[in-house]
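Trainee: structure for this input, please:
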Amino acid sequence: MRIRNIWIITLVVLGIIGLVIVEGFVNPKIEAKQARYEEEQQNPLTHDFAALTKYRSPYMGDNSNLSYLNQALPLRERLNGYQLYPETFTIQVNYSLDTREMDAEELERILVYNAVANFVMIDNLEQIVYQFENTSHTLRRESAQQWTGTELKELQNPELWNSTVREKLVEPGQVKEAFSQIVAN
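Mentor: Numbers count the residues shown, from 1 in each chain. Next up, the predicted model:
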């Protein structure tokens, strides 16, 4: 009976030590890493574009796919619904945000990044209307393709995406130029 009790006590102690290690060290590291990743997803310059490939679709009519795609892009925490206009191959993405609450350059960077990502991942999408509380912006596929200087389907490759899109959105002057070229209004 004595050896059995020693084994039970040893196993309980090992279990407690294991629990302390997992809950005290391993899980906090995992949670910190996840929080860092989530923070990076809010910035077009650090966003994980490769994670969007699962939302690739030839048609804009797949509303759930469109929703998941835009929920994986920067500014997702302010999303407030979508409206599809299939006759013109247009989507309207609604945000519960007054644009005066954000830095104009950062907003323009996000809109260009998000629009081009939508055009790259959805083949027949022709334009996106970003509707805010105080304004709206319409971005067109043709203008995005001219700005990138390449067929948008080719940008599904993350390395090509980085060199063609992300690197052109670093400097404030580049952001202004991109936004003015792609926005229709």
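Trainee: could you use CA atoms for every contact and neighbour count after this?
Mentor: Fine.
Trainee: any idea of the pLDDT on Met1?
Mentor: Per-residue pLDDT puts Met1 at 69.
Trainee: show me the shaky parts of the protein.
Mentor: The model of the chain has pLDDT under 70 over residues 1, 185.
Trainee: so who does the residue nearest to the spatial centre of it touch?
Mentor: Nearest to the mean C-alpha position of the chain, counting by CA atoms, centre = their mean, stands Leu73 at 1.8 Å. Neighbouring residues of Leu73 by CA atoms under 8 Å, 6 or more residues apart in numbering: 41-42, 47, 114.
Trainee: please flag which of those residues sit within helices.
Mentor: Under the assignment DSSP state H, these contribute Asn114 to helices.
Trainee: including neighbour count and distance to Tyr85, could the contacts of Leu73 go into a markdown table?
Mentor: Shown next, in a markdown table, are these (neighbours: other CA atoms under 10 Å; distance: CA to CA, whole Å):
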| residue | neighbour count | distance to Tyr85 |
| --- | --- | --- |
| Gln41 | 19 | 28 |
| Gln42 | 18 | 27 |
| His47 | 20 | 28 |
| Asn114 | 21 | 18 |
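Trainee: and the residue nearest to the centre of the chain, which helix or strand is it part of?
Mentor: Assessed by DSSP states H and E, Leu73 sits outside every helix and strand.
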